[in-house]
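Trainee: Pasting a predicted model and its sequence here:
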Amino acid sequence: MVPRPPVVIGYESALEFWRKTWLAGNGDAGDLLGDSFPDDLLLAGAESPELLAGYPKLQPAANGAAGARRVSGLVGLSEPVGLIVESAACRNETEKFRSCVWSPSVWQGLTAQVEDNIYVCAPELAFLQMAGRLGFAALLDLAFELCGDYVLLDSKLHAGRHREDMRRLATPERLQAVCALHEHVPGIARARIASKYVLPNSWSPMESRMVALLALPRSQGGFGCGNPVLNKRIYLPEDLSVMAGRKYVVPDALYEDAGIAFEYQGSLHDGTGNRRRDDSKSNALLLMGIETIRVWDEQLCSPHDLGEIAAYVRKRRGIRLKTENAKMAARQAGLMADFKALTKRVGK
């Protein structure tokens, strides 16, 4: 009996699968990610691809129709489900599925098996696939989501439990490794830049966009402040703990060397109770020698306003940059505009 070719779910459908898996695990990516290459093997393979030469690859079905009938209804995926085919000549779309061309062979170690002979692309591979369909801002947004503690599903934000033992869908290192393993795929340049500059452990899309604008080099539309640490627990001395009513505080972003913390405000902190809580956090940090800068939506849309904040951070960090030129300013304004458009579309 000739074995049936595997059915491989990719692109948006793969991302939907992993977001729903993460939600079902209450903020944990779960055991399915264990099917993928272990970190040490994947990172080593990115440096020396010959290390992966002996590992099996999947050759998706040339015609996905039969596979679509088996995939239909799988973990509630939206239809049409995106199934991988190797060329445009293999396209065959129905109400139940759509063909998604992905010409490189798919390492089985970059998938998870969800049913007999049915696989779903790992988050890192789905990220790379989406690089050919998304602009830089949206792709960077996706990278922060996969490496963060939240997911966006059906235009709604679902926050994680913010526990350090919970497994994220991806890491910057794994995104970079998968990009290094592929060369001639659509959007590879964007994917490599996004995976290089994404930071782990963001807790919301707006926090991600604030950090991206601050941290990215000016050549990529940012303000060149360098990388902060996101959502790090700062444990308080006993006297401050009593005053603040908590054992630790967690700023959205922290430049430890400069003694500066950032808090995104926006509409998420409009309530009086939250504002009091923010004040107690800021006061506790200040007594530990850490200044808190609050950033509002309007500042994330203003190159002038955010530029002044960034200049202050760079000065505190001892970063000296060349004089900004018109091209850099245009990229900053463009990235801000792209992030603003994403905010309107998918919310905060």
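Mentor: Structure received. Please read all numbers here as calculations on a predicted model, not as lab measurements.

Trainee: how about the nearest residue to residue 233, chain neighbours excluded?
Mentor: Distance criterion C-beta to C-beta, 6 or more residues apart in numbering; nearest residue to residue 233, sequence neighbours excluded, is residue 248 at 4.6 Å. From N, CA and C alone the C-beta is placed, and that goes for glycine too.

Trainee: so who does that neighbour touch?
Mentor: Going by C-beta atoms under 8 Å, 6 or more residues apart in numbering, residue 248 touches 233-236.

Trainee: let's go with 10 Å and repeat that
Mentor: 232-236, 241, 284 (C-beta atoms under 10 Å, 6 or more residues apart in numbering).

Trainee: Write the PyMOL selection for whichever of those are buried.
Mentor: In PyMOL, this line selects whichever of those come out buried by 16 or more other C-beta atoms under 10 Å:
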select buried, resi 232+234+236+284
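
Trainee: Taking the contacts of residue 248, tell me the two that lie furthest apart.
Mentor: Across those, the longest distance by C-beta to C-beta is 16.7 Å; it joins 232 and 241.

Trainee: if I look at the residue nearest to residue 233, how far off is residue 237?
Mentor: For residue 248, the distance to residue 237 (C-beta to C-beta, to the nearest Å) stands at 11 Å.

Trainee: how long is stretch 203-223 end to end?
Mentor: By C-alpha to C-alpha, to the nearest Å, the extent of stretch 203-223 from end to end equals 21 Å.

Trainee: returning to that earlier point: among the contacts of residue 248, which ones are in strands?
Mentor: Of the positions in these, 234-235 sit in strands, assigned by DSSP state E.

Trainee: between the contacts of residue 248, which is nearest residue 56?
Mentor: Closest approach to residue 56 among these (C-beta to C-beta): residue 232, at 39.8 Å.

Trainee: measure that closest one to residue 338 for me?
Mentor: As for residue 232, its distance to residue 338 is 28 Å (criterion: C-beta to C-beta).

Trainee: got it, and residue 313?
Mentor: 22 Å.

Trainee: More neighbours: the two, which one.
Mentor: Between residue 313 and residue 338, counted using other C-beta atoms under 10 Å, the more crowded position is residue 313 (21 against 18).

Trainee: Might you report the residue contacts of the residue nearest to the more buried one when sequence neighbours are not counted?
Mentor: Distance criterion C-beta to C-beta, 6+ apart; nearest residue to residue 313, sequence neighbours excluded, is residue 225 at 4.6 Å. Taking C-beta under 10 Å, 6+ apart as the criterion, residue 225 is in contact with 211, 213-217, 253, 255, 258, 260, 262, 309-314, 316-317, 319, 321.

Trainee: of these, buried ones?
Mentor: With burial judged by 16+ other C-beta under 10 Å, the buried subset of the contacts of residue 225 is 211, 213-217, 253, 255, 258, 260, 262, 309-310, 313-314, 317.

Trainee: quick one: which of those residues sit in strands?
Mentor: Mapping the buried ones among the contacts of residue 225 onto strands (DSSP E) picks out 253, 255, 260, 262.

Trainee: Check which helices and strands the one helix or strand residue 83 maps to is in contact with.
Mentor: Assigning secondary structure by DSSP states H and E places residue 83 in strand 81-85. Judged by 3 or more C-beta pairs under 10 Å, 6 or more residues apart in numbering; DSSP states H and E, strand 81-85 is in contact with strand 7-9, helix 11-24, helix 65-71, strand 97-101, strand 118-121, helix 123-130.

Trainee: Can you say which helix or strand has residue 294 in it?
Mentor: Under the criterion of DSSP H and E, residue 294 resides in strand 291-295.

Trainee: Quick check: mean pLDDT of that strand?
Mentor: Strand 291-295 carries an average pLDDT of 95.

Trainee: And stretch 202-213, by the same measure?
Mentor: The average pLDDT for stretch 202-213 rounds to 97.

Trainee: Now do that stretch: distance to the chain's middle.
Mentor: 10 Å (C-alpha atoms, centre = their mean, to the nearest Å).

Trainee: Stretch 132-150 too?
Mentor: 4 Å.

Trainee: now swap in stretch 103-116 and tell me
Mentor: Centre-to-centre, stretch 103-116 and its host chain are 21 Å apart (C-alpha atoms, centre = their mean).

Trainee: So for that stretch, what gets flagged as buried?
Mentor: Those would be 104, 106-112, 114, for stretch 103-116 by 16+ other C-beta under 10 Å.

Trainee: With only the CA atoms kept, save that stretch in CSV.
Mentor: Extracted C-alpha coordinates of stretch 103-116, given in CSV (Å, rounded to 0.1, in the frame of the first residue of the first chain):
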residue,chain,number,x,y,z
SER,A,103,8.4,25.6,-2.3
PRO,A,104,11.1,24.6,0.3
SER,A,105,10.8,21.2,1.7
VAL,A,106,9.5,21.2,5.3
TRP,A,107,11.6,19.7,8.0
GLN,A,108,9.5,17.5,10.1
GLY,A,109,11.3,19.1,13.1
LEU,A,110,9.7,22.4,12.2
THR,A,111,6.2,21.0,12.5
ALA,A,112,4.0,19.3,15.1
GLN,A,113,2.0,16.2,14.3
VAL,A,114,-1.6,16.8,15.4
GLU,A,115,-3.2,13.7,13.9
ASP,A,116,-2.2,10.7,11.8
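
Trainee: mean confidence for that stretch?
Mentor: On average, the pLDDT along stretch 103-116 is 91.

Trainee: Equivalent analysis for stretch 84-98, please.
Mentor: Rounded mean pLDDT across stretch 84-98 is 79.
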